[in-house]
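**Q** sequence first, then the predicted structure:
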Amino acid sequence: MGTVPCAAVFTAGEPHPKGHIVKFINFENDGFEVKKHLGLVETKRAQERRSYMLNCWRGQLVDVPSKFMVTTVVEDTDEWIHSFYSYNDEIPTEQDFMNSIADYLTFEFNMITHGRGYLFERDA
């Protein structure tokens with residue numbers, strides 16, 4: 001797992017005004033891939049992703065998913081990262097729900113078979 005890069009754009013010499021709107025953009029899917037023995041390689045989607053990001057940043061697109069961009073007001077004591085403000089605004093499907101139940105039951109079964117069944121005991 002690598003590091004997720006972060007870029008911040010400021011105007012030098014100007015303090016952050018109170019109530020100023022800030023945009024946090026999650027640009028993990030930037031169109032570049034790490035290839036063995038080559039390093040970072042630009043894919044065919046890189047220009048498209050870059051254009052999309054710039055259009056979002058410039059306010060030319062509306063209804064941008066929060067998993068990509070969050071627009072908010074921040075103070076100097078707040079977190080200044082996208083993941084703090086983003087939320088999953090996609091409604092899960094019935095299959096997502098069934099997969100979550102299956103994952104939990106697999107986890108519980110695994111714990112019980114490895115001698116950790118006490119984790120699931122309920123006090124009367």
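**A** Here it is on my side, so go on.
**Q** where does this structure have low pLDDT?
**A** Across the chain, the ranges flagged by pLDDT under 70 are 1-6, 124.
**Q** which residues are in contact with the longest helix anywhere in it?
**A** Ranked by residue count, the top helix of the chain under DSSP state H comes out as helix 94-113. Helix 94-113 is contacted by residues 92, 117, 119-120 when judged by Cβ atoms under 8 Å, 6 or more residues apart in numbering. (C-beta placed from N, C-alpha, C; glycine too.)
**Q** burial check on residue 62, number of neighbours?
**A** Using other Cβ atoms under 10 Å, residue 62 is surrounded by 6 other residues.
**Q** so it sits in a helix?
**A** No - in this structure, residue 62 is coil, not part of a helix, as judged by DSSP: H, G, I helix; E, B strand; the rest coil.
**Q** what about it, distance to residue 42?
**A** Distance, residue 62 to residue 42, using Cβ to Cβ, to the nearest Å: 28 Å.
**Q** do residue 52 as well
**A** Residue 52 is 15 Å from residue 42, where distance means Cβ to Cβ.
**Q** same check, this time on residue 99
**A** 34 Å.
**Q** quick one, strands of the chain?
**A** Assigned by DSSP state E, the chain shows strands spanning 21-25, 32-35, 39-42, 69-73.
**Q** mind saving the C-alpha coords of the first one as CSV?
**A** The C-alpha atoms that make up strand 21-25 are tabulated as CSV, following Å, rounded to 0.1, in the frame of the first residue of the first chain:
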residue,chain,number,x,y,z
ILE,A,21,-15.2,27.6,1.3
VAL,A,22,-12.6,24.8,0.8
LYS,A,23,-12.7,21.9,-1.6
PHE,A,24,-11.2,18.6,-0.7
ILE,A,25,-10.6,16.3,-3.7
